Each structure stands twice: as structure tokens, then as C-alpha cells.
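Asker: coords below, sequence missing:
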């Protein structure tokens with residue numbers, strides 16, 4: 001009877017750390033899933049329509065939601081090729097958009 005008890009105790013000692021580690025992994029996995037926002041939850045499109053007014057004890061301009069013109073230039077139109085250094089081409093493309101100014 002005692003050898004059987006030792007086997008059972010040995011089995012419990014072997015399995016308990018596995019159960020504990022598995023529970024910890026699941027807890028971390030659930031934490032990561034809950035704390036990482038989805039693509040739809042971030043970015044300009046996810047901002048509220050109106051920005052709450054600032055109530056400060058000093059003069060401060062109220063914030064406005066930014067408006068971005070719907071323009072785009074592909075870096076490939078400016079000569080970017082896959083597998084090559086494109087830093088200067090990206091800067092050139094940014095400059096082209098900047099030179100177009102702000103829509104009024």
C-alpha cells in the first residue's frame with residue numbers, strides 16, 4: 001500500500017508544476033490579447049468626432065481635429081525599387097507633398 005502511495009505522490013509532484021506553468025502561460029496569453037488594441041481601435045479614424053474642450057487655469061487654445069488632404073504619391077512613381085535603398089526617394093516624395101501646401 002505504501003509503494004502505491006509513493007507513486008501517487010510522485011505523480012502529483014511531477015504534474016503540479018506542469019499545471020502551474022500552463023496556467024501562467026494562459027494568464028499571460030490572455031493579458032496580451034486583452035491589452036493589444038485592434039487595428040480598428042487606433043489611428044485617426046478611431047478618434048472621437050469632437051475633442052473635449054480644455055478647461056485650464058490659464059489661457060490655452062482649444063484643440064481641433066486635424067484635417068488631412070486626400071493626396072498620395074507612390075514612392076515607386078519616384079523611382080523606388082524593391083531591394084534598393086529608398087531613403088532619398090521617400091524624402092523626395094515627402095517634400096513633393098509638402099510643396100503642394102495645405103488645402104484651404
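Answerer: Structure's in. What do you need? Every value quoted in this text rests on a predicted model; they were computed, and no experiment measured them.

Asker: name the helix or strand for the closest residue to residue 47 other than its chain neighbours, please.
Answerer: Nearest non-adjacent residue to residue 47, counting by C-beta to C-beta, 6 or more residues apart in numbering: residue 65, 6.5 Å away. The way it works is simple: take the backbone N, C-alpha and C, and place the C-beta from them, glycine included. Per DSSP states H and E, residue 65 falls between elements, in no helix or strand.

Asker: in terms of pLDDT, where does residue 65 sit?
Answerer: Per-residue pLDDT puts residue 65 at 80.

Asker: how near is it to residue 102?
Answerer: 15 Å (C-beta to C-beta, to the nearest Å).

Asker: got it, and residue 96?
Answerer: Taken as C-beta to C-beta, the span from residue 96 to residue 102 is 14 Å.

Asker: pick out whichever of the two has more residues nearby.
Answerer: residue 96 (13 against 8; other C-beta atoms under 10 Å).

Asker: how about stretch 63-80: buried residues?
Answerer: residue 80 (16 or more other C-beta atoms under 10 Å).

Asker: and the end-to-end length of it?
Answerer: 37 Å (C-alpha to C-alpha, to the nearest Å).

Asker: before we move on, what about stretch 50-58?
Answerer: Span of stretch 50-58 from end to end, C-alpha to C-alpha: 22 Å.

Asker: same question for stretch 69-77.
Answerer: Stretch 69-77: ends 20 Å apart by C-alpha to C-alpha.

Asker: next one: stretch 63-76
Answerer: 36 Å.

Asker: how's the chain carved up into domains?
Answerer: 1-66, 73-104 (automatic domain parsing).

Asker: based on its surroundings, how many neighbours for residue 35?
Answerer: If we define neighbours as other C-beta under 10 Å, then residue 35 has 7 of them.

Asker: for it, give me its contacts.
Answerer: Contacts for residue 35 were tallied using C-beta atoms under 8 Å, 6 or more residues apart in numbering; there are none.
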